[in-house]
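coordinates only, no sequence provided:
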């Protein structure tokens, strides 16, 4: 299944996660952490991931590993060559292009479980088949739900 996305403004990640767990009737909320710190439910009942930017928080839930990222639309020319291949960098022309690339890379790295230690430059956004990007106001949100 595709991830279900929950977005809130002005609450903490924990508050949103508790609300999501309530919605899915998750009683045992014991969390464990992967090798790189990614939290998961000890019961394995549901996969989730969280992200926040400013006062916006997003939670993605799925029946398999999932990653999510939210960022305000921005253009950071100084990091393009650090996180993009030459092919990707050549395609970035607008703040939306940059932010889309960024949220896709982060959501993949979070889905994989290694986070930024994966190395964003190692992620080719053209190869991300089970991912989605959408806009909420001046933010972009990306989910990735399959790293295989």
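Cool, got the structure. Keep in mind that what you see is a predicted model, and the values were worked out from it rather than measured. Numbering: from 1, shown residues only.

from what I see, residue 80 and residue 89 are in contact.
Yes: the pair residue 80 / residue 89 is scored as a contact, 5.0 Å apart, by Cβ atoms under 8 Å. Using the backbone N, CA and C atoms, a C-beta is placed for each residue, glycine as well.

what helices or strands is the helix or strand of the chain with the lowest mean pLDDT leaning on?
Ranked by mean pLDDT, DSSP states H and E, the helix or strand of the chain with the weakest confidence is helix 77-83, at a mean of 88. If you count contacts as 3 or more Cβ pairs under 8 Å, 6 or more residues apart in numbering; DSSP states H and E, helix 77-83 packs onto helix 95-112.

packing partners of the helix or strand that the helix it packs on is followed by?
Next helix or strand after helix 95-112 toward the C-terminus (DSSP states H and E): strand 131-136. Strand 131-136 is packed against helix 95-112, strand 139-144, with contacts defined by 3+ Cβ pairs under 8 Å, 6+ apart.

off-centre distance for strand 131-136?
Centroid separation for strand 131-136 versus its chain: 10 Å, with Cα atoms, centre = their mean, to the nearest Å.

tell me which residues in that strand are buried?
131, 132, 133 (16 or more other Cβ atoms under 10 Å).

right, and the last one touches residue 100 too?
Yes: contact status for residue 133 versus residue 100: in contact at 5.4 Å, counting by Cβ under 8 Å.

give me the low-pLDDT residue ranges for the protein?
Confidence mapping of the chain against pLDDT under 70 gives the ranges 147-148.

how near is the residue most central in space within it to residue 119?
In the chain, the C-alpha closest to the average C-alpha coordinate belongs to residue 68, at a distance of 1.7 Å (Cα atoms, centre = their mean). Shown here: residue 68 relative to residue 119, a distance of 19 Å by Cβ to Cβ, to the nearest Å.

nothing else from me, thank you.
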